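Novice: The following block contains a protein sequence and its predicted model.
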Amino acid sequence: VFWNAYGMADSETGRKMKRDDIFRIASQSKAITATAVMMLWEEGLFRLDDPVSKFIPEFRNPQVLKTFRYSDTTWTGEPAHREITIRHLLTHTSGLGYGMIDGDERMKMLYQKAGVTDLFTTENITIEESVKRLAKLPLHHHPGEGRTYSEGLDVLGYFIEVVSGIPFDEFLRARIFDPLGMVDTWFYLPDQKAGRLVPVQHAVNGKWKRFPVTFYDPDYPVKGARTFFSGGAGLSSTAKDYATFLQMYLNGGEYNGVRILSRTTVDLVLTNHIGELWDLPGEPMRDFGLAFEILTPEGQATGGMGTAGTFNWGGYFNTQYFADPSEQIIGIIFKQTQGISEDSNRKFRQLVFQSLDD
């Protein structure tokens, strides 16, 4: 195992990065939430193609956005061709949007007006409250007929509470984190771990400075109400913890004698579930499973990305991972930055694979 820390955790104080530092993993939370969903699926509590309205009635009779007035955000919709299913939520094909980071300005305005909480917060709100507000809003497109990155995994966090009868954070702790020994993965860090959280930084006049409060407070893992458990973006973790989680997948659902998912369920998770909805013309490089991006044979042929079947994703603060089942390799690179454009993830991945020496 090559496991090292480089650079500064906090340039303003001169604190150096350490191997056990804790990072906001943001959208890397999605794979963990999806795993929890599939654990309940294995118990026979629902089918992947069940409508989510069966469990959260507020989602009945969804509407697709048809007209929108910018002056007052009034809108009209048309009835969706079908209900939103659990599978749609896992694969970002539900038509739901993503509020402040949505690519459609109309959706940003509607989500903000409705009081939907995106990503993370220090405010006193629960996922139940936010999800029920979200359920009243129009969709980008008909469920199953497009792919739009969305808050679907936040909906599924509340869905897990409904189906299991257990608060979402407690479910993850009891069923995934404690059994796997992921002792540093939390929505909100215990006081004794707070000092290991790496600050979010951005470049100001050529120097790294702490990122300010914008539509969110970067200190959300260690302050505030601590009531919003975002299944899509809320967790913080360490490189070691997340490597443990990924190794469980490479082991076919088991780690150190603890089985989280069956081998057949892992195969299902790592199967393409969206057809060609994600393909660019002439570039079928990637498929999408149940919350994982999956490399295709065409993607493998581009070079440096791994073997077909390699799965990956990343997070809002520049954290990335990949896992190659054929080569049995996991790669994790964690940073905590905003406002920069760089290519370290691609370079890291390419350098890992070129270093193989059998």
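Specialist: That came through fine.

Novice: Domain boundaries for the chain, per the record?
Specialist: 8-24+184-353, 38-168 (automatic domain parsing).

Novice: Nearest to residue 176 among those would be which one?
Specialist: domain 8-24+184-353 (6.5 Å; Cβ to Cβ). Just so you know, the C-beta spots here come from the backbone N, C-alpha and C atoms, and that holds for glycine as well.

Novice: Show the end-to-end separation of that closest one, please.
Specialist: This stretch, domain 8-24+184-353, spans 26 Å end to end (Cα to Cα, to the nearest Å).

Novice: from the chain's centre, how far out does that domain sit?
Specialist: 8 Å (Cα atoms, centre = their mean, to the nearest Å).

Novice: how about the CA coordinates for stretch 111-127, as CSV?
Specialist: Backbone C-alpha positions of stretch 111-127 (Å, rounded to 0.1, in the frame of the first residue of the first chain) are rendered in CSV as follows:
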residue,chain,number,x,y,z
TYR,A,111,-35.0,25.5,-5.5
GLN,A,112,-33.8,28.6,-3.6
LYS,A,113,-37.3,30.0,-3.4
ALA,A,114,-38.7,26.7,-2.1
GLY,A,115,-36.0,26.5,0.6
VAL,A,116,-34.5,23.3,-0.6
THR,A,117,-31.1,22.7,1.0
ASP,A,118,-28.3,21.7,-1.4
LEU,A,119,-25.2,19.8,-0.6
PHE,A,120,-24.4,20.8,3.0
THR,A,121,-25.5,23.3,5.7
THR,A,122,-25.1,24.6,9.2
GLU,A,123,-28.8,25.5,9.4
ASN,A,124,-31.4,23.7,11.5
ILE,A,125,-33.1,21.6,8.8
THR,A,126,-33.6,17.9,8.3
ILE,A,127,-33.5,15.9,5.1
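
Novice: So which residues make contact with that stretch?
Specialist: Under the criterion Cβ atoms under 8 Å, 6 or more residues apart in numbering, residues 24, 26, 73, 97-102, 130, 133-134, 136-137, 151, 154, 157-158, 161, 168, 215-217, 219-220, 223-225, 227-234, 316 lie in contact with stretch 111-127.

Novice: redo that, cut-off 6 Å
Specialist: 73, 99-100, 130, 133-134, 137, 157-158, 216-217, 220, 223-225, 227-230, 233-234 (Cβ atoms under 6 Å, 6 or more residues apart in numbering).

Novice: do stretch 326-345 as well
Specialist: The contact list for stretch 326-345 (Cβ under 6 Å, 6+ apart) reads 23, 198, 200-203, 211, 239, 242-243, 246, 307, 317-323, 348, 352.

Novice: Now, of the residues you listed, which are buried?
Specialist: The neighbour count (16 or more other Cβ atoms under 10 Å) marks 23, 198, 200-202, 211, 239, 242-243, 246, 317-323, 352 as buried among the contacts of stretch 326-345.

Novice: Which of these fall in helices?
Specialist: Using DSSP state H, 239, 242, 243, 246, 352 are the members of the buried ones among the contacts of stretch 326-345 that sit in helices.

Novice: which two from those residues end up farthest apart in space?
Specialist: Longest span within these, Cβ to Cβ: 242 and 352, 15.6 Å.

Novice: C-terminal to the helix or strand where residue 29 lies, what's the next element?
Specialist: Assigning secondary structure by DSSP states H and E places residue 29 in helix 29-42. Next in sequence after helix 29-42, counting helices and strands by DSSP H and E, comes strand 63-68.

Novice: helices or strands next to that next one in the packing?
Specialist: Helices and strands touching strand 63-68, by 3 or more Cβ pairs under 6 Å, 6 or more residues apart in numbering; DSSP states H and E, are strand 75-79.

Novice: Give me the contacts around the strand it packs on.
Specialist: Under the contact criterion Cβ under 6 Å, 6+ apart, strand 75-79 has outside partners 63, 64, 65, 66, 67, 68, 138.

Novice: Now list the buried members of those.
Specialist: Buried among the contacts of strand 75-79 (16+ other Cβ under 10 Å): 63, 64, 65, 68, 138.

Novice: Which of those sits closest to residue 298?
Specialist: Closest approach between the buried ones among the contacts of strand 75-79 and residue 298, by Cβ to Cβ: residue 64, at 31.7 Å.

Novice: which residues touch the residue nearest to that closest one when sequence neighbours are not counted?
Specialist: The shortest distance from residue 64 to any non-neighbouring residue, by Cβ to Cβ, 6 or more residues apart in numbering, is to residue 139 (4.8 Å). The neighbours of residue 139, taking Cβ under 6 Å, 6+ apart as the test, are 62, 64, 95.

Novice: Repeat the analysis, applying 10 Å as the threshold.
Specialist: Neighbouring residues of residue 139 by Cβ atoms under 10 Å, 6 or more residues apart in numbering: 62-65, 77-78, 80, 84, 94-97, 107, 145-146, 148, 150.

Novice: Out of the domains of the chain, the one nearest residue 32 is which?
Specialist: domain 8-24+184-353 (6.5 Å).

Novice: Alright, I will stop here.
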